[in-house]
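> Let me see the structure of the following:
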Amino acid sequence: MKWAFLIRLVVLFSLPSDLCAQTDRANVFYPGIFSVYSDIVPGCDYSKHYNGQVGGTYFNPACFLHPPFGDFGDAPGYLAGLRKPNLPTEDLGLSKTMPFACDARQLRVYFQVFHVFNRHGFAGPNTQVGSAGFGQVLPQDLNGLPGPRVGQLGARFTFRGGCHPIRRPNF
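Next up, the predicted model:
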């Protein structure tokens with residue numbers, strides 16, 4: 001009989017944020033073009049960091065403006081200094097493997113818990129210039145992650161051939 005213990009730590013590291021201007025507001029509409037970047041106010045420090053509050057401001061939204069009509073903006077596609085929040089999750093598992101009738105057959109019983117510490121996750125900040133909540137971070141599930149704490153109990157029966165040699169008839 002063997003026991004196994006599993007610890008899995010997963011950290012989804014932050015990605016750079018992209019800032020786009022709204023392309024559907026009055027006087028700024030570019031048919032078929034969805035990457036109209038904002039203008040960065042010269043000398044403005046956009047590195048105001050998130051204060052940890054839901055709905056809090058992640059960066060200084062006054063540093064970004066809509067580009068004039070016909071301009072595509074001077075901000076880069078992604079700002080390396082402006083990154084989305086990390087998402088850490090932890091999983092634990094415990095299993096026991098037992099021989100069943102002979103060594104070629106085994107029964108494995110396991111218990112797994114996903115997202116053990118039930119940490120909350122934040123999406124990246126709203127990066128569409130001029131929209132409601134621009135620069136704010138709101139909680140959300142990221143495609144089901146991190147989601148609630150979930151556990152599962154299972155069993156697996158494995159067999160590799162028979163326990164006795166194969167008898168062949170003699171002719």
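> ok, now which ones touch the closest residue to residue 75 other than its chain neighbours?
Leaving out its chain neighbours, the residue that sits closest to residue 75 by Cβ to Cβ, 6 or more residues apart in numbering is residue 37, at 4.4 Å. From N, CA and C alone the C-beta is placed, and that goes for glycine too. Contacts for residue 37 (Cβ atoms under 8 Å, 6 or more residues apart in numbering) come out as 19-21, 67, 72-77.
> what is residue 37 paired to in the beta sheet?
residue 20 (DSSP bridges).
> Okay, it and residue 10: tell me how far apart.
32 Å (Cβ to Cβ, to the nearest Å).
> In JSON lines: the contacts of residue 37, plus distance to residue 84.
As requested, the contacts of residue 37 are arranged in JSON lines below (distance: Cβ to Cβ, whole Å):
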{"residue": "19", "distance to residue 84": "12"}
{"residue": "20", "distance to residue 84": "15"}
{"residue": "21", "distance to residue 84": "19"}
{"residue": "67", "distance to residue 84": "23"}
{"residue": "72", "distance to residue 84": "23"}
{"residue": "73", "distance to residue 84": "20"}
{"residue": "74", "distance to residue 84": "22"}
{"residue": "75", "distance to residue 84": "16"}
{"residue": "76", "distance to residue 84": "16"}
{"residue": "77", "distance to residue 84": "15"}
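> Among the residues you listed, which one has the most neighbours?
Among the contacts of residue 37, the one with the most neighbours (other Cβ atoms under 10 Å) is residue 19, at 26 neighbours.
> helices and strands of the chain: which one bottoms out on pLDDT?
One helix or strand of the chain scores below all others by mean pLDDT, DSSP states H and E: strand 20-21, with a mean of 73.
> Can you work out which other helices and strands pack against it?
strand 128-129 (3 or more Cβ pairs under 8 Å, 6 or more residues apart in numbering; DSSP states H and E).
> for the chain, what spans make up the strands?
In the chain, the strands defined using DSSP state E lie at 2-12, 16-17, 20-21, 39-40, 64-65, 79-83, 87-100, 102-114, 128-129, 150-159.
> mean pLDDT for these: which is lowest?
Of all those, the minimum mean pLDDT falls on strand 20-21 (a mean of 73).
> Looks like residue 126 contacts residue 64 (just checking).
No - if you go by Cβ atoms under 8 Å, residue 126 and residue 64 don't touch, sitting 11.6 Å apart.
> The two: which has the busier surroundings?
Of the pair residue 126 and residue 64, residue 64 is the one with more neighbours under other Cβ under 10 Å, namely 24 against 17.
> do you know how far the nearest residue to the more buried one once chain neighbours are set aside is from residue 58?
Setting aside the residues directly before and after it, residue 64 is nearest to residue 38 in space (Cβ to Cβ, 6+ apart), at 4.3 Å. According to Cβ to Cβ, residue 38 and residue 58 sit 15 Å apart.
> If anything else comes up later, I'll come back, but that's it for now.
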